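Visitor: only geometry, no sequence info:
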């Protein structure tokens, strides 16, 4: 997509006007623009070069142009610094000598980039008010400053607090609440007894508060266990697209504050995830497991039910956690990728590993008996 | 969430009134409440203690209060029995002596708990009738006792039987049918040629009847294979949130009765799953595989295409089934979790496992030749 | 489902009429029907037998009746050829002698079947026009030949080109575009800055253009990295149900033409997938990875971030790609399925594999020292 197309794609919408307004009314006349001096001042960065240089966007070292800002955080990309056509670069002190263009020096260029980039993000319009196609139960409480998009459905006893944005097709079920400044991007479903904290961001397709998977086996068939608990999501959490979080059987499923979930994650009933933990895409946590604070769970990793993970545990991608972990550190399972023919040989031998070790032990015994 | 909030969150809705009704009209004046004697009588349990004690809810042994019922099924929680503040506990005969409060004695306390808990479940309102924002094709047949929620879309030749509840945003595509007393919680999509049995429960985000993944490779590009079959779901099945079930290429994809699917499961085209089998979250079954009756598939386990699993096969979490299984039993693949540094060593050795075994055999041969 | 039910389930809808039309008006009086001679002519197949035979559907060798066409591609099903009751069979020259019914001879019967079957596919009605319940921003451009279903939401600066079909509940976010003849089956969400090529097919529940998972860690909490890029999907791509494709952090996430994604796939930000590659269900590609052309990724396989895969690389199901792959070929990881008791022994030994190899080396050294 060209830059101009990206600019055209967003605009500030006049309050209360989703539709039918004159086309000119809702476009920004200018893309955002900031001088290097302003950026240095706002984010506590040291400026080297022309403070009056205007920055109109962010791009990679390889692609940035004269009016754009790039950043160097991963030393792997250091070689690109010399050749960059960026107007300026956010970097560490130690890379300053290799930079021929203007620079903003940061202790952590990645964090500085994250903050500067936020100035250039243009979110879809979200005017306060309730879209005429939304269905809001008379027993719901919706703040006047909230923006409720097309086809949203808000149930009885639901609460939507100040500044909340519900994009199109969100469902806030009976008895759910959405904390101030939270944003449900589009087509998010809160089923029932779901409490979101403040500034929670939920991406499309996420389902929160669905029935936990509880079954009792009676003789020859399953009996469903009603899921009477709820879900509590702390402040500043982020929930990825098509992620599912079940509500508890009796107690609640809980995410503490600042938990970050990527897409297509499955959180079963009665799980508790400690503050500031981050889970990558397609990972899954089974029922009643407890994850500590500041944990990192890799893509498609899994945690079995009823286990406990201490704080600051890292699980690598596609690993399965089969026992509780008491010590911080990095943990893994699985085998490395091999060319298929070679892998087949390893795999065939794996099945008989116990035999091989016994044979090895027998040889050792013979040796010792000699 | 406090208990009172949970009570407020649900109510019986006056028929035909989703919206705009007086707030007092739709609340239960009292939460449900049952005496111990009533519960004993209803579920064939033996009562010890005060039959007039009123039970107003269910909770865990650790959290239950005086008016709540707890249960002891897993002996791991036996220690909590002595200290519980519950009004009464459902338990086995053998635990009765250790219980200081009133008790209901059950052969299987977990099954008894499941049944009693159902009395205390309060489902979102579902008044018979079609919400004014729903779009129902004139060629669809919808029972007068069905409840069709906001923004539902029902296509031509679709059939919705007696007592069905479609929560908000459900789509029942052309030619699909939903059997009596089934419940699509919210935002469920039945694409086309999908037949649900009676009392089927489908959670939000599920997609049933999407195209199977069929492709023929012609010279340098893919040719799509039309998916002309359908999906048949038996009575009493449950389908989890964001689970997907593709329709068949020529014949149908089939779930027999009482199959239980957790969240984010993928069932490919022409799969057949036998009655009473249960699949945990994020598991997947590839095209034309046949799973027997009473099978249990663990979380994120996979079954390759065209395989057959006998009845009563259990697959542990994250295992991959790469060949047909003829005998009941438990099957696994994968490696155990290790501290990452230790795992790296094992993993590096795995690649050369065949060599090691050859070297072992050479030593054994030398030994025997001596 | 019976064949007659399947026939009833589809019809051609009169243009501009989703609802409220007479029931007779929208049904095909006849199912599609073609003579063998017509089929031979259309698809360049050699006819053996009665060119006037009318074919009214496709079925498997085992289930086809007299008016249906079957096919034989996989030699595994060769035994069914002799017994088939099909009216005719598509097959290879070499199988012709074993076929007692009429036949269409093809160089690749699977490709021929795919093409013939398309004649018998009857898609849900899609009349040009905008359904009255759809919400289309005044700043969107929608072709008069496009069909916009119930409850669709189309944002400002969005473009919907000629012949596009949006089934019910699709969301085309601000600044997104949908190329000519594309079809979003139902409930598809394009979040923002998403460009679909021509003839793209997207299945229900897919989310394209959601935020990439970008976080910078600052002292004791996460800082979100705004996702300023978009997504570009090439012509003739197919995107499965509940699949998610994140938009780029700065540059775009890209699928080249004819890429085929099955259900529940996760494509992270800034991934690039080469033309004609196909990914099976539940696979996942982490951020900034580059997949070559004509690659095949098996079910639930994963590719770590920032890796590169050459053209024509095949990854088997549930494997994890942990390093870049420079050579075409087939690659795998994992261990084979075992009966659980036996697997436990192998797994326990795997943890000490490095020790065993050291012990083996010690024995060898002793041997050599003798």
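Guide: Great, that's in hand. Note that the structure is a prediction, hence the values are computed from the model and not measured. Residues are numbered from 1 along each chain as shown, chains lettered A, B, ... in the order given.
Visitor: is it true that residue A:89 lies in a strand?
Guide: Yes. Assessed with DSSP: H, G, I helix; E, B strand; the rest coil, residue A:89 lies in a strand.
Visitor: wait, isn't it in contact with residue A:61?
Guide: Yes. Contact criterion Cβ atoms under 8 Å: residue A:89 and residue A:61 qualify, at 7.0 Å. Every residue, glycine included, has its C-beta placed from N, CA and C.
Visitor: intersection of neighbour lists for these two?
Guide: Taking Cβ atoms under 8 Å, 6 or more residues apart in numbering or on different chains as the criterion, residue A:89 and residue A:61 both touch A:70, A:71, A:72, A:81.
Visitor: any idea what the first one is bridged to?
Guide: Note on residue A:70: beta-bridge partners residue A:89, judged by DSSP bridges.
Visitor: mind listing what it touches?
Guide: The contact partners of residue A:70, taken as Cβ under 8 Å, 6+ apart, are A:58, A:59, A:60, A:61, A:64, A:84, A:86, A:88, A:89, A:90.
Visitor: again, only using 10 Å
Guide: By Cβ atoms under 10 Å, 6 or more residues apart in numbering or on different chains, the contact set of residue A:70 is A:58-64, A:77, A:80-81, A:84-91, A:101, A:109, A:113, C:250.
Visitor: select only the buried ones of those in ChimeraX?
Guide: Filtering these down to the buried ones (16 or more other Cβ atoms under 10 Å in any protein chain shown) takes a single ChimeraX command:
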select /A:58,59,60,61,64,80,81,84,86,87,88,89,90,91,101,109,113 /C:250
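Visitor: looking at the contacts of residue A:70, which are in helices?
Guide: Among the contacts of residue A:70, the members falling in helices (DSSP state H) are A:80, A:81, A:109, A:113.
Visitor: which SS state does residue A:361 fall under?
Guide: Using three-state DSSP, the structure places residue A:361 in helix.
Visitor: how far away is it from residue B:346?
Guide: 18 Å (Cβ to Cβ, to the nearest Å).
Visitor: same deal with residue A:192?
Guide: Distance from residue A:192 to residue B:346, by Cβ to Cβ: 46 Å.
Visitor: same check, this time on residue A:301
Guide: Using Cβ to Cβ, residue A:301 is found at 18 Å from residue B:346.
Visitor: higher neighbour count, these two?
Guide: For residue A:301 versus residue B:346, neighbours defined as other Cβ atoms under 10 Å in any protein chain shown are more numerous around residue A:301 (28 against 24).
Visitor: tell me the contacts of that one?
Guide: So residue A:301 contacts A:279-280, A:282-285, A:314-321, A:331-334, B:300, B:318, B:337 (Cβ under 10 Å, 6+ apart).
Visitor: among the residues you listed, the buried ones, what's the ChimeraX command?
Guide: Those of these that count as buried under 16+ other Cβ under 10 Å are selected in ChimeraX with:
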select /A:279,280,282,283,284,285,314,315,316,317,318,319,320,321,331,332,333,334 /B:300,318,337
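Visitor: the contacts of residue A:301 also near chain C: which ones?
Guide: A:279, A:280, A:282, A:316, A:317, A:318, A:319, A:333, A:334, B:300, B:318, B:337 (Cβ under 10 Å from any Cβ of the partner chain).
Visitor: just checking, the fifth one is part of a helix?
Guide: No. Remark: residue A:317 does not belong to a helix; assigned using three-state DSSP, it is coil.
Visitor: what pLDDT does whichever residue of chain A sits closest to chain B get?
Guide: Taking Cβ to the nearest Cβ as the measure, the point where chain A comes nearest chain B is residue A:175, at 2.2 Å. In this model, residue A:175 is scored at 95, pLDDT.
Visitor: is it true that it touches residue A:141?
Guide: No. Using Cβ atoms under 10 Å, residue A:175 makes no contact with residue A:141, being 11.6 Å away.
Visitor: of these two, who's got more company?
Guide: Per other Cβ under 10 Å, whichever of residue A:175 and residue A:141 has more neighbours is residue A:175, with 30 against 14.
Visitor: please report how far the more buried one lies from residue B:148.
Guide: Taking Cβ to Cβ as the measure, residue A:175 falls 22 Å from residue B:148.
Visitor: likewise for residue A:215?
Guide: Distance, residue A:215 to residue B:148, by Cβ to Cβ: 29 Å.
Visitor: can you list contacts of the helix or strand hosting residue A:104?
Guide: Element membership for residue A:104 (DSSP states H and E) is strand A:102-105. Defining contact as Cβ under 10 Å, 6+ apart, one finds that strand A:102-105 is touched by A:36, A:39-40, A:43, A:45-51, A:53, A:55, A:69, A:71-72, A:81, A:86-96, A:99, A:112-113, A:116.
Visitor: all the helices of chain A, residue numbers only.
Guide: Shown for chain A, the helices assigned by DSSP H span residues A:3-8, A:36-43, A:79-83, A:109-120, A:340-350, A:353-369.
Visitor: show me which residues of the fourth one are buried.
Guide: If you call a residue buried by 16+ other Cβ under 10 Å, then helix A:109-120 has these buried ones: A:109, A:110, A:111, A:112, A:113, A:114, A:115, A:116, A:117, A:119, A:120.
Visitor: hang on, the second one packs against residue C:215?
Guide: If I follow you right, that is residue A:110. Yes. With contact defined as Cβ under 10 Å, residue A:110 counts as touching residue C:215 (9.5 Å).
Visitor: mind listing the shared neighbours of those two?
Guide: Jointly contacting residue A:110 and residue C:215 under the rule Cβ under 10 Å, 6+ apart are C:223, C:225.
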